[in-house]
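>>> From the sequence below, what's the structure:
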Amino acid sequence: MTYLVIAVVSGALILGAIWGIYGNLQKKTEGFLVALAGGALIVSTVLELINPAVEKANVLIALGIVLLGAGVFTGLDYLVKQKWGSDSGGGLLAAITLDGIPENLALGVALIGADALTVAALSGSIFLSNLPEAAGGAKEMTENGASKRKILLLWAATALILSLAALIGNWALTDVSEELLAYIRCFAGGAVVASLAIEVFPKAYKQDSYWAGIATAIGLVLAFYLNSLG
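Residues are numbered from 1 along each chain as shown. Model (predicted):
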């Protein structure tokens, strides 16, 4: 089950890239899907990462690490934008990698001793986030003149890196203490929160205007429902 979930989540990057290169992706559709994924990630981050962590560790330290995770992601994201530009496909690819590594580490940790329903909201929302973001990034790279083969290979390599991050999270952290796992979850949760504020919701509103608000609520409701099944 672990390998299946990781393959599906990371495979969304490859499917999204294929969609962006060869398909017809409307901006409004992409914005709606990104907002829906963002709404789901709000719930997943709080219920699957931060809330279980603060119950098993020192609350002040745990919440401080949430802020640390947000700060680290924000700083790295800023550096990426300075190097590649905020609207380039390469910049988006780098941002997804930076965002995806803590997300997938957290996914690997969440899979430790958990059944599929427990992590359905987290893995499903990451899938929904990866799919349109990869499609939009691949489309921009195509429009900038990069070869389709090279673009697809870049996104496949990114999917492999994120899969490895999830596997590392699942393998290497199996025997660590609950308190350390809690702090790792908090760091990942902070990084995800920062990515929602910086990358996800601004992009969704830019592309789909006020419908992004409805899509976010739909994603939130779906994630709550999935979580209730666990």
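>>> Below-threshold pLDDT in the protein: ranges please.
By pLDDT under 70, the weakly predicted segments of the chain are 1, 84-95, 98-99, 102-103, 106, 110, 113-122, 125, 230.
>>> now with 50?
Along the chain, the model assigns pLDDT under 50 to no residue.
>>> where exactly do the helices run in it?
Along the chain, the segments classed as helices by DSSP state H run 2-22, 27-44, 51-54, 59-84, 89-110, 120-143, 148-172, 178-195, 201-208, 211-229.
>>> can you tell me how far the nearest residue to Gly219 once chain neighbours are set aside sits from Val192?
Leaving aside its sequence neighbours, Gly219 sits nearest to Gly39 (C-beta to C-beta, 6 or more residues apart in numbering; 2.8 Å). The way it works is simple: take the backbone N, C-alpha and C, and place the C-beta from them, glycine included. Using C-beta to C-beta, to the nearest Å, Gly39 is found at 13 Å from Val192.
>>> Save the helices of the chain as CSV, and put in mean neighbour count too.
Converted to CSV, the helices of the chain look like this (neighbours: other C-beta atoms under 10 Å):
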stretch, mean neighbour count
helix 2-22, 20
helix 27-44, 24
helix 51-54, 18
helix 59-84, 16
helix 89-110, 24
helix 120-143, 24
helix 148-172, 18
helix 178-195, 23
helix 201-208, 19
helix 211-229, 18
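>>> How about the contacts made by the residue nearest to Leu33 when sequence neighbours are not counted?
Nearest residue to Leu33, sequence neighbours excluded (C-beta to C-beta, 6+ apart): Pro132, at 4.1 Å. Counting by C-beta atoms under 8 Å, 6 or more residues apart in numbering, Pro132 makes contact with Gly16, Leu25, Thr29, Glu30, Leu33, Val34, Ala37.
>>> cool, Ile151 as well?
Ala17, Ile21, Gly89, Ala138, Met141, Thr142.
>>> can you tell me how far it sits from Ser129?
Counting by C-beta to C-beta, the gap from Ile151 to Ser129 is 19 Å.
>>> One more: Tyr205?
On the measure of C-beta to C-beta, Tyr205 and Ser129 end up 15 Å apart.
>>> isn't Glu133 right up against Val34?
Yes - in this structure Glu133 lies within contact range of Val34 using C-beta atoms under 8 Å: 6.7 Å.
>>> farthest residue from the center of the protein?
Distance from the C-alpha centroid of the chain, by C-alpha atoms, centre = their mean, peaks at Gly145 (27.0 Å).
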